[in-house]
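*Asks:* Structure for this input, please:
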Amino acid sequence: MPRRSLNPVSLVLPSLLSMCYLKKLGLSDCNLQTIPNDIGNLSSITNLNLSENHFSCLPESLVQLSKLSEINLRNCTRLRSLPKLPSVTFFITADGCMSLEEFPDRLKSHLFAHIHLFFFNCFKLASRSDMFFNVLGMLLTVHEEICKQSIFGRFAAYDVVIPGSEIPQWFSHQSVGNIVNAQVPSDSSNKCFGIAVCAVFSCRNVHLSNMALFLRCHILINKHENSEFHVGICPRSVQIKSRHLWMSYIPSQLFSEDGRAVLSQTDEDGFIQIEVRFQWDFNGLEVKKWGFRLVYEEDIREIKMKRRRDKYEGAGASGEGSSNDVPLSKRIQR
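*Replies:* Okay, the predicted model is just below:
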């Protein structure tokens, strides 16, 4: 006997809508073809699992879930776009959403939490000409929110994982392998807000695991161990089919007080010595290339100007929003 109803959502939700204190809802692998608009009435939901279903869109009412911090859409292969999500949503898992074409917008870091976006095997999304512009736009949003509040921790403030095999040229210091040393010119008139990092990684002989896998990022500034940050990678439900990019923004507020002080120190030639190294907690994952860029006040201004311009012209319409020198998925290896 099949265990699924032909229309299970019609049976499940009426009994849930009166549960105003429900915090977690798991509807994974329920053969759902649609998600009704009434789901927006579940005002206490913090964690929503809709993975392994067959809907192509989500209701706009999701934005009403004012406490929704995490949403899991893994392997919803027909999903084409994401609606506007609540400003408190900081963890989006959309691995295996191969029809997804729209990048989430207007997400904000909320207190003590950061934004993590996982798009393993989302090839259509990665192929968008304006993909990297959207990534930079999210970096700007995160930066603006961090400026409003004190956020500390060992997790980077913003992470996105998406298919790709080339480091965007915007990352000014690049290398093959998992470690590099770079001399960065100091500019006392241009305030440093943080560091953006990017790694190309591949997987071999990945075995299924119930434990999250972590990519650790160690930053040494002027030979001082500054900070260690990490992002959780959990591919147990998705077979990773190609090389992927991990991009992250680590604002200076997340550095230790000593680390921020060291960041302003230079050697006798006026350079800051920076070493960034990546390390996996798991032997089946390998960093192929990496890059980083110190993010200065001028970079933030340029992103703001580009976002404002493309708001009227359409991102990528003139080639500026698409950032022609940043072929995120030019050579995606399937």
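
*Asks:* All the helices of the stretch 51-200 of the chain, residue numbers only.
*Replies:* Listed in chain order, the helices of the stretch 51-200 of the chain (DSSP state H, counting those that start in this stretch) span 123-126, 131-148.

*Asks:* can you redo the ones you listed as TSV with mean neighbour count, distance to residue 57 and mean pLDDT?
*Replies:* Heads up, the C-betas are built off the backbone N, CA and C, glycines and all. TSV is the format used below for the helices of the stretch 51-200 of the chain (neighbours: other Cβ atoms under 10 Å; distance: least, Cβ to Cβ, whole Å; pLDDT from 0 to 100):
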stretch	mean neighbour count	distance to residue 57	mean pLDDT
helix 123-126	20	15	92
helix 131-148	21	19	76
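
*Asks:* Out of those, the one nearest residue 162 is which?
*Replies:* Among the helices of the stretch 51-200 of the chain, helix 123-126 comes nearest to residue 162, with 4.9 Å by Cβ to Cβ.

*Asks:* by contact count, what packs against that closest one?
*Replies:* strand 158-163 (3 or more Cβ pairs under 8 Å, 6 or more residues apart in numbering; DSSP states H and E).

*Asks:* and the strand it packs on, which strands flank it?
*Replies:* strand 115-118 (parallel), strand 244-251 (antiparallel) (DSSP bridges).

*Asks:* So which of the ones you listed is the most surrounded?
*Replies:* strand 244-251 (a mean of 26; mean count of other Cβ atoms under 10 Å).

*Asks:* could I get that one in CSV with only the CA atoms?
*Replies:* What follows is strand 244-251, C-alpha atoms only, in CSV (Å, rounded to 0.1, in the frame of the first residue of the first chain):
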residue,chain,number,x,y,z
HIS,A,244,31.5,24.3,-6.7
LEU,A,245,32.4,27.7,-5.4
TRP,A,246,32.2,28.7,-1.8
MET,A,247,32.1,32.5,-1.3
SER,A,248,32.1,34.2,2.0
TYR,A,249,32.3,37.6,3.6
ILE,A,250,34.0,38.1,7.0
PRO,A,251,33.6,41.6,8.3
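
*Asks:* how much does that strand deviate in direction from helix 131-148?
*Replies:* Angle, strand 244-251 to helix 131-148, by axes from the mean of the first three to the mean of the last three Cα atoms, to 10 degrees: 30 degrees.

*Asks:* Same list (the strands paired with strand 158-163) but as a markdown table, adding distance to residue 89 and mean pLDDT.
*Replies:* Below are the strands paired with strand 158-163 laid out as a markdown table (distance: least, Cβ to Cβ, whole Å; pLDDT from 0 to 100):
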| stretch | distance to residue 89 | mean pLDDT |
| --- | --- | --- |
| strand 115-118 | 8 | 84 |
| strand 244-251 | 18 | 86 |
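
*Asks:* The ones you listed: which one's closest to residue 280?
*Replies:* If we rank these by Cβ to Cβ, the stretch that ends up nearest is strand 244-251, at 10.8 Å.

*Asks:* And the strands in the stretch 101-250 of the chain, which stretches?
*Replies:* Counting by DSSP state E, counting those that start in this stretch, the stretch 101-250 of the chain has strands at residues 115-118, 158-163, 173-176, 179-185, 192-203, 213-221, 224-233, 244-251.

*Asks:* confidence score at the residue sitting nearest the centre point of the chain?
*Replies:* With the centre of the chain defined as its mean C-alpha position, the nearest residue by Cα atoms, centre = their mean is residue 160, 2.2 Å away. Note on residue 160: pLDDT of 88.
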